[in-house]
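K.L.:
give me coordinates for this.
(one chain, ligands or ions: 1)
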Amino acid sequence: MHIEVSAVPAADTGAALWPACLDVLAQQLPQQQFNTWIKPLSARVAADQSKLTLYVGNRFKLDWIRAQYGTRIAAILESLHGQPVHVELALAPRVALVKPTFSDGSSVRDPAPMAPPAEAAAPAQPADDDQSSPGAFRNRLNSALTFDTLVEGSANRMARAAALHVAGAPGQLYNPLFIYGGVGLGKTHLMHAVGNKLLVARADAKVLYIHAEQFVSDVVKAYQRKTFDQFKDRYHSLDLLLIDDVQFFANKERTQEEFFNAFEALLAKKSHIVMTSDTYPKGLADIHERLVSRFDSGLTVALEPPELEMRVAILVSKAAAEGAEMPEEVAFFVAKNVRSNVRELEGALRKILAYSRFNQKEISIALAKEALRDLLSIQNRQISVENIQKTVADYYKIKVSDMYSKKRPASIARPRQIAMYLAKELTQKSLPEIGELFGGRDHTTVLHAVRKIAGERQQLTELNQQLHVLEQTLKG
Ligand SMILES: Nc1ncnc2c1ncn2[C@@H]1O[C@H](COP(=O)(O)OP(=O)(O)OP(=O)(O)O)[C@@H](O)[C@H]1O
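P.N.:
Below is the predicted model of the structure:
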C-alpha cells in the first residue's frame, strides 16, 4: 500500500501519531465513513511507541473497524512512524460495562423483541439520543456549507438552481428533490445549503439534515425502545427533511416502511424533502418500487464531475477562503492532475497550503509538484495484478498463494473472484492474461467472476463498501 505522508519526527511521535493518522484517513476515506467510524475513536500510544490502542464504543463497531480499516490504519501508522506499530482495538471502559445488543450501541433492558427488524444487524451510525429528548431539536446543519461557498459550474448548474428554488419556496415545486452523483461531488454540501438558506429566511423552520444510516439507526432504536410515537412526532413534524445517501435503505424493510410513512406525511402537509443518492431512483437496488416511484415523482437532478474551469475556480476560491492566494497557472496545473472529484481537489489544496506554510515558500507550480509528488507519481504508477492479489489476500486474511491455488472453499474462492474483478477493472490486462496470472485459469472463469462480482456489487452494500476500500487502497 502506498501512503502519501511523510514521517512524523520521532520526538513528537507519541502525541502526534494518531492525529497525523487521522489527517491521512480523512483524506483517503469518504467523509461519511470517516465521520461515522474513525472520528469517534480515541487512542493511546504506548510509551515506547510500538503499540497504539484504539478505544471503540461497542463490540460490533470494534469488529467492523478491525475488518474494514485495521490493515489501512496499521499501514498508515507504519509509514508515519517509520517502523511497524502494533494496532490494538479495545472496548472503551464506559461501554464495556453494558452488553450492547444492537448495532447502535444501546443496551436493552426489556426482553428482546420477538422479531427485530433486519436493520438491527446493519452497521448504523453511533448512537444519538436526539429522539428520546423531543424538547431538544438539533438540525445537524453545517453552517459552513452554503450556496455562497458552493462554486457554480455546468456540472452542478441545474442541481444548484433547483436547490436554490426549494430553499426559497419549500413545499411547492420539485418535491421531492432527488440529487444524485458520484462521491465527493457536492451532494451533501448542496443539501446543507438548502437548509441553511431556509433558516436565514425562517429561523423557526423545522429543518433536519440526516444521513440515511442514522435514519436506519433511529428506526432500530424506536423499535427497541417502543418509542415509535416519538419517532413519528419528530420526523412527521418537519418543514424540511434533508436525507443523504438513501441507497443505504437497500434491504432495510422496516426502515423503508417508516420512511414511506414519513414521506407521505410530509408531502401531505407540504413540507419539503430533499434526498441524495449515488444513483438515480430507478438505479437503486433493493428498495421497494412504491418508494422508488415516489423518489422520482418530483425533480431528479444529477451532479456531474466538475469540468476543468470549475475545478480551477474551486481551487482558487477555497485557497482564498484559507487566506491564501493561488495563482491561476498553479490552479490549472493542479486541476489538470486532480480530476475525479472535489474532495480530492480539497486534499491536494490542503497539501499545497501546508507545504507552502511549512517551508515558507510562495505557491508556484514547482511547489505544487513537490507537495503533490506522491499523488502525481501514483497516477503514473500502473496497478499490477500481483499488487491486487496481495492487497485482496491481506484484506480477507488468506494467503497470496491461494490466489493461484485450485482450492475451492468459499472463504478462498470469493476473495479470488474479487481479485479477478479488480484486475479487470483496474488493469489493462485481458481475460486470458488475468486467468494465466491466477494459476492458469480459463478466461471463462475470469469472465464469470467479473460478472458475478459486478452484479453483486449493485445489490450488496457491504460488498460495495469493501470494494470501495480495496480500490482506494490500491489507488493509494
Ligand atoms: N461546487 C463546489 N464548490 C465548492 N466546494 C464544493 C463543491 N462541490 C463539492 N464541494 C466540497 O467538496 C467536498 C465534498 O463534497 P460533499 O461532501 O458534498 O460530496 P458528496 O457528493 O456528498 O460525497 P459523498 O457521497 O462521498 O458524501 C465538501 O467539502 C464540499 O464542500
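K.L.:
what segments of the stretch 1-150 of the chain are helices?
P.N.:
13-28, 31-33, 59-81, 93-96 (DSSP state H, counting those that start in this stretch).
K.L.:
surely residue 294 is within a helix?
P.N.:
Yes. According to DSSP: H, G, I helix; E, B strand; the rest coil, residue 294 belongs to a helix.
K.L.:
pretty sure it sits against residue 266.
P.N.:
No. In this structure residue 294 lies outside contact range of residue 266 using C-beta atoms under 8 Å: 11.0 Å. (C-beta placed from N, C-alpha, C; glycine too.)
K.L.:
okay, these two: which has more neighbours?
P.N.:
residue 266 (22 against 19; other C-beta atoms under 10 Å).
K.L.:
return the nearest residue of the protein with respect to the ligand.
P.N.:
residue 186 (2.7 Å; C-beta to the nearest ligand atom).
K.L.:
okay, now that residue: neighbour count?
P.N.:
Using other C-beta under 10 Å, residue 186 is surrounded by 24 other residues.
K.L.:
flag every residue of the stretch 1-150 of the chain that's near the ligand.
P.N.:
Residues of the stretch 1-150 of the chain lying near the ligand by C-beta under 6 Å from any ligand atom: 30-32, 145, 149-150.
K.L.:
in CSV: the residues you listed, plus pLDDT.
P.N.:
Shown next, in CSV, are those (pLDDT from 0 to 100):
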residue, pLDDT
30, 79
31, 77
32, 72
145, 95
149, 94
150, 96
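K.L.:
tell me the one of those nearest residue 401?
P.N.:
residue 30 (32.8 Å; C-beta to C-beta).
K.L.:
look up phi and psi at the closest residue to residue 167 other than its chain neighbours.
P.N.:
Nearest residue to residue 167, sequence neighbours excluded (C-beta to C-beta, 6 or more residues apart in numbering): residue 197, at 3.8 Å. With angles defined as degrees, to the nearest 10, residue 197 sits at phi -70, psi -40.
K.L.:
my guess is residue 197 contacts residue 168, does it?
P.N.:
Yes. Residue 197 lies in contact with residue 168 (C-beta under 8 Å); the separation is 7.4 Å.
K.L.:
which one of these two is surrounded by more residues?
P.N.:
More crowded of residue 197 and residue 168, by other C-beta under 10 Å: residue 197, with 19 against 12.
K.L.:
check the offset of stretch 404-424 from the chain's centre.
P.N.:
26 Å (C-alpha atoms, centre = their mean, to the nearest Å).
K.L.:
in that stretch, what counts as buried?
P.N.:
Under the neighbour-count criterion of 16 or more other C-beta atoms under 10 Å, stretch 404-424 has 412, 414-424 buried.
K.L.:
and the ligand, which of these reach it?
P.N.:
Near the ligand, judged by C-beta under 6 Å from any ligand atom, there are no entries from the buried residues of stretch 404-424.
K.L.:
tabulate the residues you listed in TSV, adding columns for pLDDT, distance to residue 258 and secondary structure.
P.N.:
Below are these laid out as TSV (pLDDT from 0 to 100; distance: C-beta to C-beta, whole Å; DSSP: H, G, I helix; E, B strand; the rest coil):
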residue	pLDDT	distance to residue 258	secondary structure
412	93	40	helix
414	95	33	helix
415	97	36	helix
416	97	39	helix
417	97	36	helix
418	97	33	helix
419	97	39	helix
420	97	39	helix
421	95	35	helix
422	95	36	helix
423	94	41	helix
424	89	39	helix
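K.L.:
could you dump these into JSON lines with distance to residue 64 added?
P.N.:
Shown next, in JSON lines, are the buried residues of stretch 404-424 (distance: C-beta to C-beta, whole Å):
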{"residue": "412", "distance to residue 64": "22"}
{"residue": "414", "distance to residue 64": "19"}
{"residue": "415", "distance to residue 64": "18"}
{"residue": "416", "distance to residue 64": "24"}
{"residue": "417", "distance to residue 64": "23"}
{"residue": "418", "distance to residue 64": "19"}
{"residue": "419", "distance to residue 64": "22"}
{"residue": "420", "distance to residue 64": "26"}
{"residue": "421", "distance to residue 64": "23"}
{"residue": "422", "distance to residue 64": "22"}
{"residue": "423", "distance to residue 64": "27"}
{"residue": "424", "distance to residue 64": "28"}
